[in-house]
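*Asks:* Got a sequence here, can you build the structure:
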Amino acid sequence: MDILSIIGYVLAFALVIVSIMMGTDPDTGKTTLIVNQLKGFIDYGSLAIVVGGTIGAMLISYPASIFKNIPKHLKIVFMPPKYNPVAYIEQITEFAKEARINGLLALEEKMNSCEDQFMKNALMLVIDSVEPEKIKQVLETELDYLEDRHSQAQGFYMKMAEFAPAFGMAGTLIGLINLLANMSDADALAANMAVALVTTFYGVIMANLMGKPVANKLKKRHEEEMLCKVIISEGVQSIQDGDNPQFIEEKLMRLLPSKTGQKKGGKDKEK
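*Replies:* Residues are numbered from 1 along each chain as shown. This is a model prediction of the structure:
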């Protein structure tokens, strides 16, 4: 469970709601929370324009397959898979030691302990004595496909963040047009002014609390996964080349962010 994402959403919505409710008590003159002020920010017409318009535009822009993956995307945001690059490096180093002592075919038994399907596939290519250049090509193709698939998911939510404010502006224009057309009707004047302003508010909230945060979180998850996949790709190719296990470990450690690498190095020194 990603506690920070949950805290972020709760904090953001809570502060917005509290800000809306803050007002001055007419009797005491002090700042207080006025629940009735929330009513001014609830307008079903505005909600229909922004949410309905955004959903419609998204349906036009993207295939059904990406909509089916929305639950999966949200699960990645709130319950992300854990990627531990150091653990992958340690596992690859063990495989390298096994291959150096007992040969590449000995990896077939060890491979069954792998939970990562990408690593299993890569090791199987090595065990099957596929040419190094072809292995590199296969792994790079798979990584490119992963990059494209993840980029499409990130782009989906960024596009949502673009459409929502645009429909908020459309709602504002609708409200202003109706307002100017009914200047003599005081009730219609107030209602149209509410639509004009609240739709912009809805668009901004939808873009900045739904679209952009999800896209950014998916991008971060993608970077974590890609780092591990690159470690696997480089490590398996080094195993096939017969590189020294210690050299492979040091080579892969250089792929890690500096703090992670320093942490690993510090642990080794303590041992």
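
*Asks:* Secondary structure element for the residue nearest to Tyr157 when sequence neighbours are not counted, which one?
*Replies:* Closest residue to Tyr157 apart from its sequence neighbours, by Cβ to Cβ, 6 or more residues apart in numbering: Ala215 at 3.8 Å. The way it works is simple: take the backbone N, C-alpha and C, and place the C-beta from them, glycine included. Element membership of Ala215, judged by DSSP states H and E, is helix 212-241.

*Asks:* tell me the angle the very next helix or strand once past that helix makes with helix 212-241.
*Replies:* Using DSSP H and E, the helix or strand that follows helix 212-241 towards the C-terminus is helix 245-253. Angle, helix 245-253 to helix 212-241, by axes from the mean of the first three to the mean of the last three Cα atoms, to 10 degrees: 160 degrees.

*Asks:* just to revisit the earlier point, just the buried residues of the helix holding Ala215, please?
*Replies:* Neighbour counts using 16 or more other Cβ atoms under 10 Å place 212-215, 217-219, 221-222, 224-225, 227-240 of helix 212-241 among the buried residues.

*Asks:* Same question for stretch 75-84.
*Replies:* Of the residues in stretch 75-84, those buried (16+ other Cβ under 10 Å) are 76-77, 80, 83.

*Asks:* Output those as TSV; include the columns distance to Ala99.
*Replies:* Output for these, formatted as TSV (distance: Cβ to Cβ, whole Å):
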residue	distance to Ala99
Ile76	34
Val77	38
Pro80	32
Tyr83	24
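
*Asks:* What is the nearest of the residues you listed to Lys39?
*Replies:* For these, the minimum distance to Lys39 (Cβ to Cβ) is 31.5 Å, reached by Val77.

*Asks:* Nice, that's everything, thank you.
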